[in-house]
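Q: after the sequence you'll find the predicted model.
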Amino acid sequence: MLELAILGFLYDASLHGYELRKRIAALTGHIKPVAESTLYPAIKRLERAGWLRRETRPGAVAAPRHVLSLTPAGRAELRHRLAEPADLDISDENRWFTVLAFLRHLDEPGQQAGVLERRLAFLRQPASFFYDGDRPLRAEEVGDPFRQGILTIARATTRAELNWLRATLDGLAG
């Protein structure tokens with residue numbers, strides 16, 4: 001997820017590390033804040049893979065800044081990861097939001113639709129946070145009002161996403 005976010009934000013614009021960290025935190029920080037000790041090793045891995053490059057530019061009022069930008073290979077890697085996201089990227093809501101944040105970078109509406117269709121198929125599967133054996137429980141079947149709250153909120157969120165997915169897929173097909 002972190003590498004995808006790095007590639008995605010750098011696809012949009014060249015950034016220095018601090019600005020990149022702020023943008024990633026805005027997208028995913030409510031889940032898990034991005035520590036420098038996590039971000040900079042990921043940047044180095046992507047740099048070693050040849051997917052990004054670092055340039056030193058003079059700072060406006062401070063020391064020189066290291067600005068990161070994608071290479072053509074980095075652009076291709078982002079498009080590959082978007083076109084063929086891992087199953088976890090489809091099923092985990094937080095990872096899904098990261099994919100969705102950059103899906104516009106796929107050039108073909110058919111590729112975008114293929115990714116959305118995978119999410120749609122996932123959401124159509126019966127699921128719950130709570131089970132009776134192998135059977136998913138619905139909010140109406142749970143006596144605990146707090147668990148009912150979880151299931152009620154999840155149902156509403158899923159319905160909203162299903163409606164959005166169907167409308168977006170119709171738009172991509174049109």
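A: Arrived safely, thanks for sending. Numbering: from 1, shown residues only.
Q: can you report how many residues neighbour residue 128?
A: 18 (other Cβ atoms under 10 Å). No exception for glycine: its C-beta is placed from N, CA and C like everyone else's.
Q: just checking, it touches residue 139?
A: No. Taking Cβ atoms under 8 Å as the definition, residue 128 is not a contact partner of residue 139, at 9.1 Å.
Q: give me the common contacts of the two.
A: Common neighbours of residue 128 and residue 139 (criterion: Cβ atoms under 8 Å, 6 or more residues apart in numbering): residue 151.
Q: need the longest helix for the chain.
A: helix 145-173 (DSSP state H).
Q: ok, now how distant is the residue nearest the centre of the chain from residue 128?
A: Nearest residue to the geometric centre of the chain (Cα atoms, centre = their mean): residue 98, 1.0 Å. As defined by Cβ to Cβ, to the nearest Å, residue 98 lies at a distance of 24 Å from residue 128.
Q: check residue 15 too.
A: 40 Å.
Q: try residue 13
A: 41 Å.
Q: for residue 14, grab phi and psi.
A: Backbone torsions for residue 14, taken as degrees, to the nearest 10, come to phi -70, psi 140.
Q: find the nearest non-adjacent residue to it, please.
A: residue 69 (3.8 Å; Cβ to Cβ, 6 or more residues apart in numbering).
Q: tell me the pLDDT of that neighbour.
A: On pLDDT, residue 69 comes in at 96.
Q: did I read that right, it in a strand?
A: Yes. With DSSP: H, G, I helix; E, B strand; the rest coil as the criterion, residue 69 is located in a strand.
Q: that one against residue 47, yeah?
A: No. In terms of Cβ under 8 Å, residue 69 does not count as a neighbour of residue 47; the distance is 10.8 Å.
Q: give me the common contacts of those two.
A: Taking Cβ under 8 Å, 6+ apart as the contact rule, residue 69 and residue 47 both touch residue 53.
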